[in-house]
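Trainee: this one's sequence-less:
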């Protein structure tokens, strides 16, 4: 045992057998100085090499998690994900580890029971053992500890796979409420975040922490609201993080401090001093404000925040993030409240990257030329790019004055040289030379700030909620997010749903998050677009799953770059790849559709894109390609000839016969359901007969 009496390492003479559940009891153990442990320890752990996420099985989630860490050299031994991902224990994460995880897919040790189950009060001196099977992500828990303190764990020889020895290594250390459901937060013991007081410098922060003998302190400025993220030289336990946070506040160096958490969505999360609280529609404004006041949550800053009815933005008097989290969790479970969550500062990532393959003709794959014979877009239609800014004066774009919610710029333009993604995405949508809808306008909404050139960015839940509201208020018909959100928020989900119901078609890349589509693409109110190559193969960063609606070109596709030295490259064009590019193309097709028929709803656009996609892979909708590759010409043309159910350019007896053969069928995206009400009936027949004989 180490000198702090809480961290132990057991070295074994040989590897433990794989896929086995163990019970480890430490009774009466003392350290080298003879000091006894304050508590006996009981730990359950399972040896599952390749289980990167710690849920006692090996599946595509682990493949995705390991892929995100490829190239890490050397690993950080204090990072449990690094240790798990280094399957062959050579100190780095590389292709050999990925191959090992791929070979182990399908192993599932969750059904293994705990050895010697039952009442262990005689051993522990306290009641029955916790039911380790009830832990959210498996792996059990320390019978004496419930804090998820990283220092309170044990690890076995890594050749046998990491032993998930405490709650932190097998489950979340904390939780928040997504509506009424629990969602895990995983404490990062190597970081702490603060809102510094006026005049506080990085050196002041280091001086305060010096009293606690924390080695290797580094202070990083995050480009949102003045946040400082403090990197600690070695991992700290949960209680120690709280003690450091309290000291920074009481010293006057910080006005607010929060732990840094990670999420299963792959993001970093920091709790801010504010809350969002949503009430049931039956609760009046007066009653809602009364409940907020009587519970002592704080001061209401705004009601019906960002046009969300019954949602209140509340500033709390708290100085520590865990206090805000606790207040939100209690409020979330009250009967009149639909959700309560801290306003989170969170990170995300875009998979848009420079392509290493020759340029391909993405517009040609989508038959843009056929669509352009009908329309190149209406200047009255705008597409909102919700990202880190679009170059306002780019000669290939028609840009509407936008918004900067981060606060650094004026009208939605990039602020740093690395914020180039938004301009590139706008290029796929509407640039003169490379855009799908070159005559529509771009509405830039800068809701996030990039953290360097890695594609990682940071924003807050309130900024994303406000961005979607601004898009709808500005009459944008389409929004595009080429990003993977690292946090799931009830408020963001509600805003996507509300604005979609008002006619805004939302698109996002179907980027990979384990074995599912990442947020926001997996929301039902967002159309998730996967990426394929010019050979109709799924791009590696593109997810599989039923959330994938359709696919579009996403490798080796050309778009514009920022003019001058800023941007992805020194030139004014760039060859890029990723699901973000595919979603941008789809956004452009939607803009063409709205240009032809402004009365379309977002549901109409989704149905028409699905119906007119070229089927790929197994017949019908599948998990890799969705409904298939988007066809811009068919999607636009069929708006002019409703009833052309077989898409041959004419409405004739073949279409009539086809519709009658499927009379009475129900379901989403049926080719014969012309009015998209999910039933093939006389309403569809009436439309077909109205356009009978039409040729396009």
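Mentor: That came in fine, so what should we check first? Values in this document were obtained by computation on a predicted structure and should not be read as measured data. Numbering: from 1, shown residues only.
Trainee: could you give me the average pLDDT of stretch 461-471?
Mentor: The average pLDDT within stretch 461-471 is 99.
Trainee: Other residues contacting it?
Mentor: Residues outside stretch 461-471 that contact it (Cβ atoms under 8 Å, 6 or more residues apart in numbering): 274, 276, 305-308, 313, 341, 343-344, 346, 384, 386, 403, 405-406, 443, 445, 447-448, 479, 485, 487, 489, 491-492, 495-496, 499, 504, 506. Heads up, the C-betas are built off the backbone N, CA and C, glycines and all.
Trainee: Which parts of the stretch 201-350 of the chain are strands?
Mentor: 218-221, 228-231, 254-262, 268-279, 299-303, 311-315, 337-350 (DSSP state E, counting those that start in this stretch).
Trainee: Residue 649: which of these is closest?
Mentor: strand 337-350 (38.1 Å; Cβ to Cβ).
Trainee: Describe which strands that closest one pairs with in its sheet and in which direction.
Mentor: strand 268-279 (antiparallel), strand 456-460 (antiparallel), strand 483-485 (antiparallel) (DSSP bridges).
Trainee: just the ones you listed: most buried one?
Mentor: Of all the strands paired with strand 337-350, strand 483-485 carries the top mean neighbour count, a mean of 30, counting by mean count of other Cβ atoms under 10 Å.
Trainee: Show me which residues of stretch 171-178 are buried.
Mentor: In terms of neighbour count (16 or more other Cβ atoms under 10 Å), stretch 171-178 has its buried residues at 171-174, 176-178.
Trainee: related to what we said a few turns ago, so can I have JSON lines of the strands paired with strand 337-350 showing distance to residue 578?
Mentor: Output for the strands paired with strand 337-350, formatted as JSON lines (distance: least, Cβ to Cβ, whole Å):
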{"stretch": "strand 268-279", "distance to residue 578": "21"}
{"stretch": "strand 456-460", "distance to residue 578": "14"}
{"stretch": "strand 483-485", "distance to residue 578": "10"}
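Trainee: Give me the distance from stretch 311-321 to the chain's centre.
Mentor: Centre-to-centre, stretch 311-321 and its host chain are 24 Å apart (Cα atoms, centre = their mean, to the nearest Å).
Trainee: I'd like the average pLDDT over it.
Mentor: 98.
Trainee: got the buried residues for that stretch?
Mentor: For stretch 311-321, by 16+ other Cβ under 10 Å, it's 311-316, 318-321.
Trainee: on that earlier part again, buried ones among the contacts of stretch 461-471?
Mentor: Using 16+ other Cβ under 10 Å, the buried ones in the contacts of stretch 461-471 are 274, 276, 305-308, 313, 341, 343-344, 346, 384, 386, 403, 405-406, 443, 445, 447-448, 479, 485, 487, 489, 491-492, 495-496, 499, 504, 506.
Trainee: Please flag which of those sit within helices.
Mentor: 491-492, 495-496, 499 (DSSP state H).
Trainee: closest to residue 372 among the residues you listed?
Mentor: Nearest to residue 372, judged by Cβ to Cβ, of those is residue 499 at 28.6 Å.
Trainee: Tell me the pLDDT of the closest one.
Mentor: 98.
Trainee: does it really touch residue 505, like I thought?
Mentor: No: with contact defined as Cβ atoms under 8 Å, residue 499 does not count as touching residue 505 (9.6 Å).
Trainee: sorry, back to before: out of the strands of the stretch 201-350 of the chain, which gets nearest to residue 358?
Mentor: strand 337-350 (22.5 Å).
Trainee: and the angle for the closest one with strand 254-262?
Mentor: 70 degrees (axes from the mean of the first three to the mean of the last three Cα atoms, to 10 degrees).
Trainee: quick one: strand 337-350 to chain centroid distance?
Mentor: 11 Å.
Trainee: Paired strands for whatever helix or strand comes next after that strand, with orientation please.
Mentor: Downstream of strand 337-350, the first helix or strand assigned by DSSP states H and E is strand 353-354. Strand pairing for strand 353-354, determined by DSSP bridges: strand 573-577 (antiparallel).
Trainee: State whether residue 559 is indeed within a helix.
Mentor: No: Residue 559 is assigned strand when assessed by DSSP: H, G, I helix; E, B strand; the rest coil, not a helix.
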